[in-house]
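Asker: Turn this into a structure:
(chains A, B and C)
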Amino acid sequence: MIWALICLIFLVGLWGVTRKANMVKKVMGLSIANSGIILLFVHYGSLSGTTAPIEGSGRAMADPLPQALMLTAIVVGVCVMALALVLVYRLYLRFGTLDMHRVELGAWKLHD
Amino acid sequence: MTDSLLVWVLLAPLMGAVASLFGKLIRPLDRPLSWLGVASLAVPIAALVLLLEPVISGKSVRYALGGWPEPYGIALVLDGLSWISCALTTVIAAAVALFSLGRRRYGAGYFFFLLMMVAGMYGVALTGDLFTMFVSFEVVAVAVYVLIAWEGTATGLAASYKYLVLSTTGILFFLFGVFLVYRDLGVLSISLISEGLEASGGVLSSPAMHLALASLCVGIGVRTAFIPFHTWLPEAHAYAPHPISAVLSGAMIKVSLFAMIRIILQFGGDYLLELLMWIGAVTALAAVISALSQSDVKRLLAYHSISQLGYMLAVFGAGSALALTASFSHALNHALFKSLLFLTVGAAVSLTGQRNLYRIPPLGRRLPAFSAAFFAGALSISGIPPFNGFASKGLITAGMKGSPAYPLLWVTSFLTIASFIKLGRIFLPGEDRDGVTAGGGNPGALQTAVVVALGVLCLGTGVFGQTMARGLYRILHGTAPASIPRLFSGGKLLGVLPAAALGAAAYMAVSTDIGSRLSRRVRALAPELRTVLLFFFVGLLAFAAVAY
Amino acid sequence: MKKTTILDLISRKLAPFMLLFGLYLLTYGHMSPGGGFQGGVVIASGVILLFVAQGVEATASLFPFRSLSLLEAGAFLLLVAAGLAGLAAGAGFLGNPIAGVDVRMVPRASMILVYNVLIGLKVGAGISFMCMYLFREDR
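Answerer: Coordinates of the predicted model:
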């Protein structure tokens, strides 16, 4: 059940990247899809238990590896999203629009 | 001792990046700290030379970060494949960094990102587990996004944004593949994957595992830019600053290709090889047709990068040990001549301010060293002896003997010759018109030295092609080769002539009126971002379904 | 950004607590949820709240641009140095240099604390600097 939900989140993100023309919404889609993957790992890690992975907790410990990996993945995702938004901002300043098609047409005219 | 040498390969560019960062903040120290940053690349050169000895004898060097043993910690692994990957990165990065230092055009911030990119590429090459590979890929990617957009031009920003969207989507698929591997095998360590798979019956035995391999390949495939994931490359490489185009085409796509090759080899994904061979051949041909129809010089070179990458992929798909050597040999040679081409053509663009090759006046007399180097690069990529392109294309021919995809590559090679005849007009000796310069100014001594050095390397690796091939085989497979076909035999040398003749004919055909109208049609076919993402899913399905 | 009374008041009262919470996450990251990156981001969000509500000039008098960028670079340098310290002490790069030290003087896990603090400072400084810089251009 949760797997289906996570899959839905990932697909919503990818749909946003593909079908939305607004550049900011594309970045949002990427962020949502990123969250989907992160949830996938974290949920899988919680399957083996839900207590903090510290020695001596006794009961079933959560798998520490996916958590650590996903922290890194979140950091990377934040950096990339920040950079993406800066690029969108600079493109907006240059072209005056957030629409990807108009930006592509504008860039196409500049070089050909 | 050798173990800790390995960590210095990774550490030196990182420290150089820190130095450059301070150079950016403390304005008077900008230049000296940039030089210090570039000088840090000398450490990996020394370390790699010292580490060649254990690699050639077939042992792999391992270094555990923080002292934590393998499944718990991150390990750096140096085997033959990663040694070649690191060596390639080092040579190209050093050339490009030295080139960028000339003429005072780039500040210390640029070198910070360049060195972070190099550190990331070493990370991709040296890492022992999948997740560190992901992190290293993203480090490289972030540095590259910034560097492509470095000059702040509208086209550069748009190209960087498109690459970002495509590449991030791809890496999400890579992460999905990592998840599947972790779920089924419980380990992320690359070398333990093959053991785990043998225990459970091979890749094809579980659908999750070959979906994992498909996702991993698709994720890296975006960075490697074969069809259908290649659409970001022409713009990104064309609108980046010139040294960055050189290092992107020269090093980055190869490093991703090597990572993908390593993953496929570890998974035992032999069923993918035929698909890759066809993808490679089709990529090579389609890209060279697009290249021939370009009039923007850097886009032409960028399409050629895709095309040559198709060669590497196709011969890898042929599967034999010799074929693997051919693929790596061509990767190394391509790195040399493609970065040379980008640097020389970039200098022409900076000097004249024009990107259209019909509008650049002939610069042969004005830039004699650059023109000579350009022709070295052009002859290399066309496969003319004694340059290195001839040697590696000979190896590719031998590796792909009898394979049905080979005719596509053969057609590609003479179309390559045609497009370089077309490009060569900008470096022909011609009258030195006065109204030529735009902002650039003549290239400086350091830049000329780098370009000449690369040209000499192209010639050298070509003349010693047989020895290089033998050495590469030894590094990759740990044993001396049984036999490597003679690359400079009379038959092969003569075989260049019909290719050159066909190339000249193709060039004349394209220059006619019908040819240029067709060219314009082909140029307009470049797809937008939306359709590109659809190609993505098609590619994933193709990779996943090919086993059935 | 239009300065309303609510924003003005709340931001001035709340921001110090956000910075404090971020520092708490940094320093207790090895024992409870938190850590370097998390604490750094919360510190940055404290600064962001301040300049969104108060304006960049006012915040820049508390967190000058120059100091933030030097802090970020300095933390990066110290981070690499800490890794090298591990290398020099024979525990490998990013290893624990005080692994052999007498436990009663300094707990061996304090290396994690050092890394957390450095990363937190770097991330906090970096993200605040980036957001302030972008916000500043909005005139």
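
Asker: Give me every residue in chain C lying close to chain A.
Answerer: Counting by CB under 8 Å from any CB of the partner chain, chain C comes close to chain A at C:35, C:37, C:41, C:127, C:130, C:134. Any C-beta I mention is one placed from the backbone N, CA and C, and that applies to glycine too.

Asker: Sitting in helices, which of these do you find?
Answerer: In helices, defined here by DSSP state H, the members of the residues of chain C next to chain A are C:37, C:41, C:127, C:130, C:134.

Asker: re the thing from before, please, a ChimeraX command that selects the buried ones among the residues of chain C next to chain A?
Answerer: In ChimeraX syntax, the buried subset of these is picked out as below (16 or more other CB atoms under 10 Å in any protein chain shown):
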select /C:35,37,41,127,130
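
Asker: So what does A:Leu87 look like in phi/psi?
Answerer: When read as degrees, to the nearest 10, the backbone of A:Leu87 gives phi -60, psi -40.

Asker: ok, so what distance separates the closest residue in space to it that isn't next to it in sequence from B:Gly219?
Answerer: Closest residue in space to A:Leu87, ignoring its immediate chain neighbours: B:Tyr161 at 4.6 Å, by CB to CB, 6 or more residues apart in numbering or on different chains. For B:Tyr161, the distance to B:Gly219 equals 19 Å [CB to CB, to the nearest Å].

Asker: Quickly find the element holding B:Tyr63.
Answerer: If you go by DSSP states H and E, B:Tyr63 is part of strand B:61-64.

Asker: List the pairing partners of that strand within its sheet, with orientation.
Answerer: Strand B:61-64 has its sheet partners listed here by DSSP bridges as strand B:75-78 (antiparallel).

Asker: Show the subsequent helix or strand relative to the partner strand.
Answerer: Once the chain leaves strand B:75-78, the next helix or strand it forms, by DSSP H and E, is helix B:80-101.

Asker: pLDDT of that following helix, averaged?
Answerer: Average pLDDT, helix B:80-101: 92.

Asker: what about dumping the CA coordinates of that helix to CSV?
Answerer: The C-alpha coordinates for helix B:80-101 follow below in CSV (Å, rounded to 0.1, in the frame of the first residue of the first chain):
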residue,chain,number,x,y,z
GLY,B,80,42.7,-1.4,-14.6
LEU,B,81,39.5,0.2,-15.7
SER,B,82,39.6,3.0,-13.0
TRP,B,83,43.3,3.6,-13.7
ILE,B,84,42.6,4.4,-17.3
SER,B,85,39.6,6.5,-16.3
CYS,B,86,41.7,8.5,-13.8
ALA,B,87,44.6,8.9,-16.3
LEU,B,88,42.2,10.2,-19.0
THR,B,89,40.7,12.7,-16.5
THR,B,90,44.1,13.9,-15.4
VAL,B,91,45.5,14.5,-18.8
ILE,B,92,42.5,16.3,-20.1
ALA,B,93,41.9,18.3,-17.0
ALA,B,94,45.6,19.4,-16.8
ALA,B,95,45.5,20.5,-20.4
VAL,B,96,42.3,22.4,-20.0
ALA,B,97,43.3,23.9,-16.7
LEU,B,98,46.6,25.2,-18.1
PHE,B,99,44.7,26.5,-21.1
SER,B,100,42.3,28.4,-18.9
LEU,B,101,45.1,30.0,-17.0
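
Asker: now whichever strand or helix holds B:Ala12 and helix B:80-101, what's the angle there?
Answerer: Using DSSP H and E, B:Ala12 sits within helix B:2-25. If you take axes from the mean of the first three to the mean of the last three CA atoms, to 10 degrees, helix B:2-25 sits at 20 degrees to helix B:80-101.

Asker: Which strands and helices lie in contact with helix B:2-25?
Answerer: Judged by 3 or more CB pairs under 8 Å, 6 or more residues apart in numbering or on different chains; DSSP states H and E, helix B:2-25 is in contact with helix B:30-39, helix B:42-56, strand B:61-64, strand B:75-78, helix B:108-126, helix C:65-88.

Asker: Now look at the last one and say if it contacts chain B.
Answerer: When you say that, I think you mean helix C:65-88. Yes. Under the criterion of CB under 8 Å from any CB, chain B is reached by helix C:65-88 at C:69-70, C:73, C:76-77, C:80, C:83-84, C:86-87.

Asker: residues of the helix holding B:Ala12 that come out buried?
Answerer: Residues of helix B:2-25 classed as buried: B:5-25 (neighbour count, 16+ other CB under 10 Å).

Asker: now swap in stretch B:30-43 and tell me
Answerer: Applying 16+ other CB under 10 Å to stretch B:30-43 flags B:30, B:33-38, B:40-41, B:43 as buried.

Asker: Also stretch B:266-283?
Answerer: The neighbour-count check on stretch B:266-283 (16+ other CB under 10 Å) flags B:266-269, B:272, B:274-283 as buried.

Asker: Return the list of helices and strands in contact with the helix or strand bottoming out on mean pLDDT in chain C.
Answerer: Across the helices and strands of chain C, mean confidence by mean pLDDT, DSSP states H and E is lowest for helix C:56-62: a mean of 87. Applying 3+ CB pairs under 8 Å, 6+ apart, one finds that helix C:56-62 contacts helix C:36-54, helix C:110-136.

Asker: How about the residues of the stretch 301-450 of chain B by chain A?
Answerer: Residues of the stretch 301-450 of chain B found near chain A (CB under 8 Å from any CB) are B:Arg355.

Asker: that older thread, looking at the residues of chain C next to chain A, which is nearest C:Tyr115?
Answerer: Using CB to CB, C:Gly35 comes nearest to C:Tyr115 of the residues of chain C next to chain A, at 9.1 Å.

Asker: Do you know the pLDDT at the nearest residue to the closest one once chain neighbours are set aside?
Answerer: Once flanking residues are discounted, C:Gly35 sits nearest to C:Gly29: 3.4 Å by CB to CB, 6+ apart. On pLDDT, C:Gly29 comes in at 85.

Asker: can you pull out the helices in chain A?
Answerer: Under DSSP H, chain A gives helices at A:2-19, A:23-46, A:64-95, A:100-111.

Asker: Most tightly packed of those?
Answerer: Mean neighbours per residue, mean count of other CB atoms under 10 Å in any protein chain shown, is largest over these for helix A:23-46, with a mean of 20.
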